[in-house]
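Enquirer: Attaching a predicted model along with its sequence, questions to come.
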Amino acid sequence: MADVSVPVLIVGAGPTGLSTALFLAQHQIPYILIERHPGTAIHPRPIGLGARTMEIFRALGLEERVRKAAEPLSRSRGEIFVETLASANMVQVKRLNLDGKDLETFDQMKEAERAISPATGCLINQAALEPVLFEAARERGGDLRLQTELVSFEQDETGVTALVVDRKTGVQQRIRADYLVAADGANSLALRTLAIPTKSFTLSDMHTLAIDFRADMSELVRGHEFILCTIETPEAQGLLMAVNNSDRWLFQMPGNLENGELKAPSVKRCQDLVRKAIGIPDLAVEIMDIRHWKPQERLAERYQVGRVFLAGDAAHVILPTGGVGANLGIQDGQNLAWKLGAVLQGYADSTLLSTYETERRHVAGFAAEQEEATDREKTTDNELQALFGFYASSAVLSNEEGNTPDYTELKGQSGSRVPHLWVEYQGQCISTLDITSRHFVLLTGPEGRRWQQAARECAAHFGIELPVYSVGSEGELLASKASWQRATGLPDSGMLLVRPDGFVAARVSAPDEDRGRQLMGILSALHLCSKAHT
């Protein structure tokens with residue numbers, strides 16, 4: 001017998017696991033989250049959170065808290081190249097963005113984001129992000145268990161039984177869950193236990209030594225903060241990464257191989273390497289951690305086996321530049337959480353869960369292709385699609401145009417994120433994205449009143465909430481008629497059915513006379529179940 005039962009067990013308290021937990025809480029689904037380490041902030045590395053990820057935190061009410069935590073890196077821009085940090089004339093150092101492009105090109109990309117999103121991306125350290133998410137999950141009633149490790153699990157037709165151990169006391173416990181979300185990183189126990197094949201390849205034969213250290217260099221970089229600094233001195237060539245641009249840093253350089261085996265340098269040797277890279281022989285250096293890694297990418301062939309789901313690095317390992325993997329993992333959590341909520345609350349068929357793999361695996365594959373592409377091959381449209389995502393699955397009705405949307409001119413095609421439009425709602429200026437997060441939503445044009453009655457009929461039939469928001473001079477969302485048409489390309493009587501994750505499930509430009517029947521058919525096609533059958 002299990003010691004405790006819960007709808008969802010989450011393994012891992014990184015950005016993916018914590019985001020999944022927060023969205024489950026938003027959908028009022030109880031969960032237990034376990035993490036083998038005694039705390040968060042295991043990896044002190046910078047993450048470039050894209051506009052779409054910041055939209056997700058906005059939906060959770062956490063955008064400002066995340067930005068505040070990002071302040072130590074918020075003044076930083078780009079990458080610099082120096083002989084040693086202390087020898088550089090920081091005023092004259094040329095700065096590039098993280099992709100190696102000049103800052104003008106980088107700013108053009110940011111301008112494209114601002115045109116289609118209410119949020120802008122930000123740079124934050126993972127060590128600063130995780131505590132924000134952890135505390136928010138705790139505040140919202142999450143059952144969070146640190147120093148608790150997954151030992152094994154078994155599943156059957158009705159659930160998953162997991163054996164976990166308290167690493168402080170050695171006490172074991174069995175947890176019975178309807179579903180298990182494995183967000184336990186690249187070395188995922190679930191991935192190994194289920195023997196899921198992966199498509200993987202090594203990007204380089206070079207092993208990298210990563211030295212996590214503390215040293216007060218705040219005066220050295222004040223006014224010239226950076227994200228990455230390439231150190232070119234022959235004595236210690238490598239990459240210096242700012243954790244907080246003050247006293248916490250990460251230095252990476254080629255690892256030392258002896259007879260094909262990695263030789264871990266001593267703490268004293270690491271201190272010496274750091275001092276040579278910085279160019280200050282008597283710099284006080286405290287070594288926090290020493291580890292090796294090898295650049296590689298991997299994509300699991302399956303994201304779901306029965307009632308177990310892979311998310312984040314357990315499902316995909318992407319080239320570690322710009323924090324792409326963290327963005328993908330956070331978005332995995334949002335996608336999976338609303339679907340688990342819909343099934344557990346009984347208004348969707350369990351087949352909806354298969355669309356998680358279909359949608360998110362495609363997005364991860366596309367993002368990996370973009371990371372591997374050369375600058376010449378990259379386009380603003382493709383980069384925006386990698387950031388915002390595009391879905392094609394049975395949880396999306398084929399868009400009328402039958403093609404992937406141009407992300408520089410979003411019009412609310414099925415499978416794309418709902419178009420951003422500033423509107424007035426109850427005396428406040430909000431985005432159309434701000435009306436989504438917990439329920440399916442109908443977004444209509446100025447002549448959307450007939451959709452109201454259709455939504456009431458369908459809400460009663462499926463046992464769900466189905467709010468309707470009309471955009472216009474007299475609608476719930478006040479805006480000009482022209483702005484609706486520019487944002488969606490739809491007539492005044494048109495409609496977008498928006499999923500809880502903010503993606504368009506269906507687009508209607510030519511409504512039937514019987515809108516109730518039309519909407520009923522759309523919702524039924526999207527795996528929703530009649531209330532009479534739940």
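Expert: Now that the structure is in, tell me what you want to look at. Residues are numbered from 1 along each chain as shown.

Enquirer: contacts and neighbour counts: CA atoms only from here.
Expert: OK.

Enquirer: so what strands line up beside the helix or strand hosting Phe309?
Expert: Per DSSP states H and E: Phe309 is located in strand 308-310. Strand 308-310 has the following strand partners under DSSP bridges: strand 172-182 (parallel), strand 304-305 (antiparallel).

Enquirer: For Arg192, which of those is the nearest?
Expert: strand 172-182 (11.1 Å; C-alpha to C-alpha).

Enquirer: Following the chain onward from the strand holding Phe309, which element is next?
Expert: Next along from strand 308-310, by DSSP H and E: strand 316-317.

Enquirer: Show me how far that next one is from its chain's centre.
Expert: Averaging C-alpha positions (C-alpha atoms, centre = their mean, to the nearest Å) puts strand 316-317 13 Å from its chain's average.

Enquirer: cool, and stretch 34-44?
Expert: 18 Å.

Enquirer: Same question for stretch 247-264.
Expert: With C-alpha atoms, centre = their mean, you get 29 Å for stretch 247-264.

Enquirer: Could I get the CA-only coordinates of it as CSV?
Expert: Output of stretch 247-264 as CSV, limited to C-alpha atoms (Å, rounded to 0.1, in the frame of the first residue of the first chain):
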residue,chain,number,x,y,z
ASP,A,247,31.2,38.2,-6.4
ARG,A,248,29.9,35.0,-8.1
TRP,A,249,31.3,33.7,-11.4
LEU,A,250,31.7,30.7,-13.6
PHE,A,251,34.9,30.0,-15.6
GLN,A,252,34.9,27.4,-18.3
MET,A,253,37.9,26.2,-20.2
PRO,A,254,39.1,23.0,-22.0
GLY,A,255,39.3,20.0,-19.7
ASN,A,256,42.5,18.1,-19.2
LEU,A,257,42.5,14.5,-20.6
GLU,A,258,45.1,11.9,-19.6
ASN,A,259,45.0,8.6,-21.4
GLY,A,260,41.5,9.4,-22.6
GLU,A,261,40.3,10.1,-19.0
LEU,A,262,39.4,13.4,-17.5
LYS,A,263,41.7,14.6,-14.8
ALA,A,264,40.0,16.8,-12.3
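
Enquirer: thinking Val468 is in contact with Ala455, fair?
Expert: Yes. Counting by C-alpha atoms under 8 Å, Ala455 is a contact partner of Val468 at 7.2 Å.

Enquirer: Mean neighbour count, the strands paired with strand 308-310: which tops it?
Expert: Of the strands paired with strand 308-310, the one with the most neighbours on average (mean count of other C-alpha atoms under 10 Å) is strand 172-182, at a mean of 22.

Enquirer: Let me know how buried the residue lying closest to Gln147 once chain neighbours are set aside is, in neighbour terms.
Expert: Spatial nearest neighbour of Gln147, chain neighbours left out: Arg36 (4.4 Å); criterion: C-alpha to C-alpha, 6 or more residues apart in numbering. For Arg36, the neighbour count with other C-alpha atoms under 10 Å is 20.

Enquirer: cool, and Gln331?
Expert: Gln331 is flanked by 27 other residues according to other C-alpha under 10 Å.

Enquirer: Spit out the contact partners of it.
Expert: By C-alpha atoms under 8 Å, 6 or more residues apart in numbering, the contact set of Gln331 is 16, 53, 56.

Enquirer: returning to what we had before: residues contacting the residue nearest to Gln147?
Expert: Contacts of Arg36 (C-alpha under 8 Å, 6+ apart): 12, 146-150, 167.

Enquirer: cool, and Arg515?
Expert: 450-451, 454.

Enquirer: any idea where the strands of the stretch 351-500 of the chain begin and end?
Expert: Under the criterion DSSP state E, counting those that start in this stretch, the stretch 351-500 of the chain contains strands at 422-425, 428-431, 441-444, 468-472, 477-478, 495-498.

Enquirer: Which neighbours in the sheet does the second one have, and how are they oriented?
Expert: Looking at strand 428-431 with DSSP bridges, its partner strands are strand 422-425 (antiparallel).

Enquirer: Now do the buried residues in the strand it pairs with.
Expert: For strand 422-425, a neighbour-count test (16 or more other C-alpha atoms under 10 Å) marks 422-425 as buried.

Enquirer: Please state the mean pLDDT value computed over it.
Expert: Strand 422-425 shows a mean pLDDT of 96.

Enquirer: would you put the C-alpha positions of it in CSV?
Expert: In CSV, the C-alpha atoms belonging to strand 422-425 read as follows (Å, rounded to 0.1, in the frame of the first residue of the first chain):
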residue,chain,number,x,y,z
TRP,A,422,-3.5,46.1,-26.0
VAL,A,423,-7.1,46.6,-24.8
GLU,A,424,-9.0,48.3,-21.9
TYR,A,425,-10.6,45.9,-19.5
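
Enquirer: tell me, how many neighbours does Pro467 end up with?
Expert: By other C-alpha under 10 Å, 16 other residues sit near Pro467.

Enquirer: That one touches Phe440, doesn't it?
Expert: Yes. Taking contacts as C-alpha under 8 Å, Pro467 lies within contact range of Phe440: 7.5 Å.

Enquirer: about what we covered before: the buried residues of strand 422-425 into JSON lines, with extra columns for distance to Ile278?
Expert: Below are these laid out as JSON lines (distance: C-alpha to C-alpha, whole Å):
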{"residue": "Trp422", "distance to Ile278": "47"}
{"residue": "Val423", "distance to Ile278": "50"}
{"residue": "Glu424", "distance to Ile278": "52"}
{"residue": "Tyr425", "distance to Ile278": "53"}
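
Enquirer: The contacts of Arg515 in helices, which ones?
Expert: Members of the contacts of Arg515 lying in helices (criterion: DSSP state H): 450-451, 454.
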